[in-house]
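Visitor: predicted structure and sequence below. I'll ask about it afterward.
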Amino acid sequence: MSRADYSVRYDTPSITLACLLQSMTSVTEAAKRHALFLAR
């Protein structure tokens, strides 16, 4: 197995995880903003 192959194979899950984390964070932020908006 070449080094590039190894890096691609193991970087992809972390990229997916990072995207998932990012979207979860923005959803949480949106929910918080919405809750604050409703609380006014």
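Guide: Nice, thanks for sending it over. Residues are numbered from 1 along each chain as shown.

Visitor: which stretches of the protein have low pLDDT?
Guide: 1-11 (pLDDT under 70).

Visitor: residue contacts, residue 12?
Guide: Under the criterion of CB atoms under 8 Å, 6 or more residues apart in numbering, residue 12 has no neighbours. (Each C-beta comes from the backbone N, C-alpha and C, glycine too.)

Visitor: burial count for residue 27?
Guide: Residue 27 has 10 neighbouring residues, counting by other CB atoms under 10 Å.

Visitor: can you tell me the SS state at it?
Guide: helix (DSSP: H, G, I helix; E, B strand; the rest coil).

Visitor: just give the number of residues close to residue 14.
Guide: The burial count assigned to residue 14 is 9, neighbours taken as other CB under 10 Å.

Visitor: how close does it get to residue 21?
Guide: 10 Å (CB to CB, to the nearest Å).

Visitor: repeat that for residue 32.
Guide: Distance from residue 32 to residue 21, by CB to CB: 16 Å.

Visitor: do residue 39 as well
Guide: 27 Å.
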